[in-house]
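A.B. asks: Got a predicted model here, sequence first, then my questions.
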Amino acid sequence: MNNNILLYGGDLIGQGADGCIHKPPIFSCNIKKYMNKKYISKLQFYNSYSKNEINASKIINSKYSYKQYKNYFSVLVKYCVLNFSQLNVLFSYNNNKDCFFYTDFYENYNHFDSNYNSDKLFAISIYKYVTGYSLKDFFDINKTILLYKNNIFDYFKHSINIFFYLQKSTFIINNNLNYVHNDLHYNNIIINTNNNNLPVIIDFGRSFKYIKNDITFYNKFIQYFSKFDFKPERIWDSFHIRFIYYIFKDKSLQKYYNTKNILDTKNILDIENILDTENFLDTKIIDDFINMIIQYDFDYYQYICKFKFDFVYIKNMYKQFLKEFFYIFSDKNKFPYINDVIYHIYNNSYHYSIDSYSVIFSFLDFFLSNYNNFSKENQLFSFVQFFIKYLFVNINPNVNTKFLYKHHYKFFKHVYKFFKDHENLDLLKYEIFYRNIVIYFKDLNINTHFFINNDIFKLLYDNRNFVVLLFDK
Ligand SMILES: Nc1ncnc2c1ncn2[C@@H]1O[C@H](COP(=O)(O)OP(=O)(O)OP(=O)(O)O)[C@@H](O)[C@H]1O
Ligand SMILES: [Mg+2]
């Protein structure tokens, strides 16, 4: 083992809640090939997070070649498990003491004595290093704008590119792989400077396999909820997740729970008891949830845009589509038990809603946080205002009222082509455009209601010259 330790240790390039990332790897599972700067290692406990990464990597590798997936996902190329004494040897050669495994675990390992003797205590995973920077850094206009030679239009255009690209990546995960990434915040997305600054998705630690109507996978999904506390302020979690947490964890609802078989030692049994409870959801309880969500979300949105964007209409729409989505669960005939509610959400909307919500939320965060910066260019600003509304319309949890995945791109492509076909755009009548778009929606079976109420079609029409300019490039 000693022969394969990189004696000077890798630099600690990342440290998350679950692991330490070193470049080059601190250990490469006895294979020299990976001990260079093209690779990184992630050291973490051998627990459900590392196992999820292993499983996701296996699935991706079984369906796609490295060449096919490398520009979308970073998955592990090798992993091994270590016991405590092996890790001890490893760190006695490593000069870098920043990793929290030193401070939290290594120095206080007595606190972990229940399982530190295990042979499978740690996992080391090797990944190909993705050259670049996080999507979070990309979103920091002050840092990134220099890369676009201070050209805000080019920067904006590229952000839209990234948005469309991530739609494709999430489609592959959700639809082609039957997986949910489940943690798609902007730190888990790297802008790959070796591939036209397009995003690569990392960190499959919270991912899980999704199979519709499959009780085994449904049970695994349920267990996931027993591990975490409900935090309504986790505004980056989809409405679905927050609703399930609300049912499982909110104190105000505990009086309804079935307490027949409560064994208070194991939380998971509590959740099974809740699932066995007769459906207690009524419109008042659902309204409480919706009001809580709206309060948290719009406090945040207002704060990041420094109270510059007018949310009055958006807020009402939010209320309306959340009611449309969640009120059905107050029907006790259709959903006699809490389990029927959760199972319905799991089977009908869970898999497509989690990752797509994260992407939309990240971009709303980006455009609203930079609202002021974009306001300096008139034409661009008008389109940004439109795009924020577009994202809000598409955050709707009801699937037939929004675009998902590639449909975002297809829609803009359609609109662009329509405008391109008109030689004199200034003379184009709105009614003609409107009629065309309504037919487009009808063919896709998508309800136009919130698009029309938010002036999406009108704003696109008003921005027609900009749309052409944006997509011409
Ligand atoms: N393949 C990679 N190429 C380049 N950098 C990477 C790669 N994988 C991870 N990183 C860097 O290390 C950081 C932590 O990685 P990762 O998200 O996998 O760990 P984590 O412990 O799950 O973190 P968190 O708990 O914050 O989500 C990332 O944000 C990124 O900066
Ligand atoms: Mg991460």
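C.D. replies: That came through fine. Numbers count the residues shown, from 1 in each chain. Ligands and ions are numbered 1, 2, ... in the order given.

A.B. asks: near ligand 1, which residues of the stretch 151-300 of the chain?
C.D. replies: Asn187, Asn188, Ile190, Ile202, Asp203, Gly205 (C-beta under 6 Å from any ligand atom). In short, each C-beta sits where N, CA and C put it, glycine included.

A.B. asks: Tell me the secondary structure at the fifth one.
C.D. replies: In the three-state summary, Asp203 is assigned as coil, counting by DSSP: H, G, I helix; E, B strand; the rest coil.

A.B. asks: What is the burial count for it?
C.D. replies: 26 (other C-beta atoms under 10 Å).

A.B. asks: quick one: it and Ile190 touch, right?
C.D. replies: No. Applying C-beta atoms under 8 Å as the test, Asp203 and Ile190 come out as separate, 9.7 Å apart.

A.B. asks: show me the contacts for the residue of the stretch 351-473 of the chain found nearest ligand 1.
C.D. replies: In the stretch 351-473 of the chain, no residue comes nearer to ligand 1 than Ser358, which is 12.6 Å away by C-beta to the nearest ligand atom. Shown in contact with Ser358 (C-beta atoms under 8 Å, 6 or more residues apart in numbering): His181, Asp183, Leu184, His185, Trp236, Ser238.

A.B. asks: Go again with 7 Å.
C.D. replies: Residues near Ser358 by C-beta atoms under 7 Å, 6 or more residues apart in numbering: Leu184, His185, Trp236.

A.B. asks: ok, the residue nearest to Leu428 when sequence neighbours are not counted to Phe441 distance?
C.D. replies: Of all residues not flanking Leu428 in the chain, His422 sits nearest, at 4.9 Å (C-beta to C-beta, 6 or more residues apart in numbering). Between His422 and Phe441 the distance, using C-beta to C-beta, to the nearest Å, works out to 20 Å.

A.B. asks: On the three-state scheme, the residue nearest in space to the middle of the chain is what?
C.D. replies: Centroid-nearest residue in the chain: Leu184, 2.7 Å away (criterion: C-alpha atoms, centre = their mean). Here Leu184 is coil, with the state taken from three-state DSSP.

A.B. asks: check contacts around it.
C.D. replies: Ile201, Asp355, Ser358, Val359.

A.B. asks: Now the third one: which helix or strand?
C.D. replies: I take that to be Ser358. Using DSSP states H and E, Ser358 falls within helix 351-369.

A.B. asks: Quick check: next helix or strand after that helix?
C.D. replies: Assignment by DSSP H and E places the next element after helix 351-369 at helix 371-374.

A.B. asks: helix, strand or coil for Trp236?
C.D. replies: Trp236 - assigned by three-state DSSP - is coil.

A.B. asks: ok, now Lys42?
C.D. replies: Classification of Lys42 using three-state DSSP returns strand.

A.B. asks: neighbours around it, how many?
C.D. replies: 25.

A.B. asks: go on, Asp443?
C.D. replies: Neighbourhood size, Asp443 [other C-beta under 10 Å]: 8.

A.B. asks: likewise Thr283?
C.D. replies: 13.

A.B. asks: Going by distance to ligand 2, which of the contacts of Leu184 wins?
C.D. replies: Ranked by distance to ligand 2 (C-beta to the ion), these are led by Ile201 at 10.4 Å.
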